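[1] sequence plus the predicted model coming up.
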Amino acid sequence: MKFLIFEMKTVCYNSYLYFGDALGNALTKLGHSVEYFKVDEDALDDLERYVGTHFDAMIDFNSDLPRALMDDDSYFLNHVDAPFFDIILDHPLYHHDSLKHKIENFHVICLDSKHKDYILKYYPHIKSVLVTPMTGELAFGHDSINWDDFENRQYDILLSGTYTDPTRLETAINKMPDFLAKNVYELIDMMTADSTLTIEDAVTTLAENEIYDYINSDLPLHTQSFYLADAYVRCINRKNLVLNLDKCQHSFDIFGALWEELDLKNATLHREIPFNLTFTVFSKAKISVNIMPNFKAGSHDRVFSAQLNGAVSLTDPTTLLLEEYKDNENILFYDLDHLNQVADKVDRSLDNLSQLKKIAQGGFEIANSKHTWANIADLITKAIH
């Protein structure tokens, strides 16, 4: 099969570039042909060279290409003989402006089965939706994990990610029209009171209680307009998790931007690093911390990237993870509704390193068998067939 992979964005610590290269390498190892269009190497005008060409599939991540138009206002993607697969790494509400376009051969790959349901319900022109988490790989220069050295890993507790002060989002919310800001705060109250609630379920509940008919108008558009509610809940959950982990008796290291804005007593802060270098710090960690971006039925790649590098993943659960993992056997789960218990759980785990190593080994075995780039490439090629 012949693939065209677009790498159109250099944001999020270059994670999009890594995902494109990693997927392409996995497809190549399966015997397929892969061509890349990289925005940092190719000019946008060079996209025209693909007009009239054939591929078995075109793939992009969080793509803006469905909006790209030719001089006659026809869609660029309709001029390439290939199905287009947009791999969405966030909730679909953040990509409404791309998903709404009725490309002739439009497919989506997403990270959460609830996201799949949302897309199929509100974007019926999209021909198929595949669900698979993204992943990472063993750190560069490592051929295997040295389990004998697990107890000597440099970082007891590691978190990689960016901090956003929730007050910044409050400022943005307060600049919205009064009725919209009121609705956003109502959604925030609902989602913080019930950590299992998705943004789309919260919006549906809001619509049932509002005079304005959100449901029978353009609900995906309105859900997009409420993105600050989703973003705020993500930020407040991350803040509260870190504040509680800061109470641990063991060392806590954070790699990422803007954490100096949070009043932390014990954590050691490190500057942000490119995405592919996070694998190296995972390989030096005993416990790697993850918090879902409000995913309820999928997973963030941080879970599997940590496990593939021998660290225990500490995360809030989702239905996907609960189906595949068991707390204290191959993963560590915490409860978003009881974050005050997370420090004690982590300290107890780190006080028993022989047991913690067994948890790390169990997590590695599952991730290595189910959540590698080879698994993802195989899933995608079968979906295309």
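    Looks like it came in fine. Residues are numbered from 1 along each chain as shown.
[2] SS state for the closest residue to residue 9 other than its chain neighbours?
    Leaving aside its chain neighbours, residue 9 sits nearest to residue 16 (4.8 Å; criterion: Cβ to Cβ, 6 or more residues apart in numbering). To be clear about C-beta, it is placed using only N, CA and C from the backbone, and glycine gets the same treatment. Per DSSP: H, G, I helix; E, B strand; the rest coil, the secondary structure class of residue 16 is helix.
[3] got a list of what the closest residue to residue 153 other than its chain neighbours touches?
    Once flanking residues are discounted, residue 153 sits nearest to residue 286: 4.9 Å by Cβ to Cβ, 6+ apart. Counting by Cβ atoms under 8 Å, 6 or more residues apart in numbering, residue 286 makes contact with 150, 153, 155-157, 311-312, 350, 353, 356, 360.
[4] and if you look at residue 186?
    residue 206.
[5] C-terminal to the helix or strand containing residue 253, what's the next element?
    Taking DSSP states H and E as the definition, residue 253 sits inside strand 252-255. Downstream of strand 252-255, the next assigned helix or strand under DSSP H and E is strand 268-270.
[6] and that next one, what does it pack onto?
    strand 252-255 (3 or more Cβ pairs under 8 Å, 6 or more residues apart in numbering; DSSP states H and E).
[7] for residue 185, which non-adjacent residue is closest in space?
    Per Cβ to Cβ, 6+ apart, closest to residue 185 is residue 173, 7.0 Å.
[8] ok, the one you found touching residue 182?
    No: with contact defined as Cβ atoms under 8 Å, residue 173 does not reach residue 182; the gap is 9.7 Å.
[9] higher neighbour count, these two?
    residue 173 (19 against 13; other Cβ atoms under 10 Å).
[10] tell me the spacing between the more buried one and residue 209.
    Distance, residue 173 to residue 209, by Cβ to Cβ, to the nearest Å: 19 Å.
[11] residue 348 too?
    43 Å.
[12] export stretch 149-168 to CSV, keeping only CA atoms.
    The C-alpha coordinates for stretch 149-168 follow below in CSV (Å, rounded to 0.1, in the frame of the first residue of the first chain):
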residue,chain,number,x,y,z
ASP,A,149,18.4,-1.2,37.9
PHE,A,150,14.8,-0.2,38.5
GLU,A,151,15.4,0.6,42.2
ASN,A,152,18.1,3.1,41.2
ARG,A,153,16.1,5.1,38.7
GLN,A,154,16.7,8.8,39.1
TYR,A,155,13.2,10.1,39.4
ASP,A,156,10.7,8.8,42.0
ILE,A,157,7.7,10.6,40.6
LEU,A,158,7.8,12.3,37.2
LEU,A,159,5.3,14.5,35.4
SER,A,160,5.8,15.9,31.9
GLY,A,161,3.4,18.6,30.7
THR,A,162,2.5,22.3,30.7
TYR,A,163,0.8,24.2,33.4
THR,A,164,-2.0,26.7,32.6
ASP,A,165,-3.3,28.8,35.5
PRO,A,166,-7.1,28.4,35.6
THR,A,167,-7.4,32.1,36.4
ARG,A,168,-6.2,32.8,32.8
